[in-house]
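**Student:** kindly generate the corresponding structure for this input.
(chains A, B, C and D)
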2 protein chains.
Amino acid sequence: MAREDDAMPDIADVTMVDVLRAVADPIRLRIVQTLADGLPHGKCGTHWDFGVHKSTMTHHFRTLREAGLTRTVVAGRTHTIELRRDELDARFPGLIDALTATTGAPARSFAGPGGSPAARPGR
Amino acid sequence: MAREDDAMPDIADVTMVDVLRAVADPIRLRIVQTLADGLPHGKCGTHWDFGVHKSTMTHHFRTLREAGLTRTVVAGRTHTIELRRDELDARFPGLIDALTATTGAPARSFAGPGGSPAARPGR
DNA sequence: GCGATGGTATGACGGATATCCAACTGTAGG
DNA sequence: CCTACAGTTGGATATCCGTCATACCATCGC
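**Tutor:** Sure thing, here's the model as predicted:
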């Protein structure tokens, strides 16, 4: 059998919370963004450098895969991951797009305490 | 001195990871979806019934507010929250839309009010 | 076969988080 | 003034998560 992957869930079983939880991490979000932004697939460890340990990357890749976001293809001793874009777009329209449409770093416009716009909600 | 009001951040300071982390929870996602889905605002505690404790709801509302997703307006002894829709749409185009686009939850639908298995300690 | 390389598995650990409970603050109404 | 109500605060707890480190397995090149 074609051993593509071990535990890749059916897209129908993937909930939005699953996806959001998987993507609610700087490194994993970056991976998904990079994957969605033109790059079809990427090698697992060697070409991603986030300054974290090897096993940490494995953990993140596993999290993404188990959340239904990526597919892991084993090719020899190098593993590559791909975004399950079509399935995700069908299940969660616009989500991946919105995730990729990053406005980048916070364009911090200083307002200072008291210069708060809009209303002033107490707490 | 520190203002107690720094709970609602400037939209420019809100990162996508912040938003995603805030929304990566069943209850909070449900709140945001309901808020975005036509309901302009909702009372804080009395009209949201997820089967969790009052203070837990306060915690969730606070998390949403501190993540920059909602605005809390105090009106007498009842507090209401509103989605910061315009700002969020400007900063993260399509994100809220994608979050609310419930194309279906065929497998498992988390029907919030009334139908939740309450007794679930921990996470 | 053997060593080097790419990636996984397991275990430990510190920090974050979701939840509950009890006590508290502040407002509305009689 | 006093009670009922809406929501917050603080503590306690249990779980989960991200990270590292070591050990382990599989493949490639010689």
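
**Student:** tell me if the longest helix anywhere in chain A is near chain B.
**Tutor:** Longest helix of chain A, by residue count under DSSP state H: helix A:54-66. No - using Cβ under 8 Å from any Cβ of the partner chain, we find that helix A:54-66 stays clear of chain B, coming within 12.1 Å at best. Just so you know, the C-beta spots here come from the backbone N, C-alpha and C atoms, and that holds for glycine as well.

**Student:** what packs against the helix or strand that comes right after that helix?
**Tutor:** Next along the chain after helix A:54-66, taking DSSP states H and E as the criterion, comes strand A:70-75. Counting by 3 or more Cβ pairs under 8 Å, 6 or more residues apart in numbering or on different chains; DSSP states H and E, the packing neighbours recorded for strand A:70-75 are helix A:26-36, helix A:54-66, strand A:78-83.

**Student:** what strands line up against strand A:70-75, and which way round?
**Tutor:** Its sheet considered, strand A:70-75 pairs with strand A:78-83 (antiparallel) by DSSP bridges.

**Student:** just the mean pLDDT for the strand it pairs with, thanks.
**Tutor:** Across strand A:78-83, pLDDT averages out at 90.

**Student:** up against DNA strand D, what does chain A have?
**Tutor:** Selection of chain A residues close to DNA strand D by Cβ under 7 Å from any atom of the strand yields A:21, A:24-28, A:51-56, A:59-60, A:63, A:76-77, A:123.

**Student:** can you narrow those to ones near DNA strand C?
**Tutor:** Answer for the residues of chain A next to DNA strand D near DNA strand C (Cβ under 7 Å from any atom of the strand): A:Lys54, A:Ser55, A:Arg77.

**Student:** worst mean pLDDT across the helices and strands of chain A, which element?
**Tutor:** strand A:41-43 (a mean of 60; mean pLDDT, DSSP states H and E).

**Student:** returning to that earlier point: out of the residues of chain A next to DNA strand D, which end up buried?
**Tutor:** A:Arg21, A:Ala24, A:Asp25, A:Ile27, A:Arg28, A:His60, A:Thr63 (16 or more other Cβ atoms under 10 Å in any protein chain shown).

**Student:** tell me which two of those sit farthest apart.
**Tutor:** Greatest spatial distance among those (Cβ to Cβ): A:Arg21 and A:Ile27, at 13.8 Å.

**Student:** excluding chain neighbours, what is closest to A:Met16?
**Tutor:** Excluding the flanking residues, the one nearest A:Met16 by Cβ to Cβ, 6 or more residues apart in numbering or on different chains is A:Phe92, at 6.2 Å.

**Student:** the one you found and A:Asp18 touch, don't they?
**Tutor:** No - the criterion here is Cβ atoms under 8 Å, and A:Phe92 misses it with A:Asp18 at 10.4 Å.

**Student:** so which of the two has more stuff around it?
**Tutor:** Comparing A:Phe92 with A:Asp18 by other Cβ atoms under 10 Å in any protein chain shown, the one with more neighbours is A:Phe92, at 24 against 16.

**Student:** list phi and psi for that one.
**Tutor:** phi -130, psi 80 (degrees, to the nearest 10).
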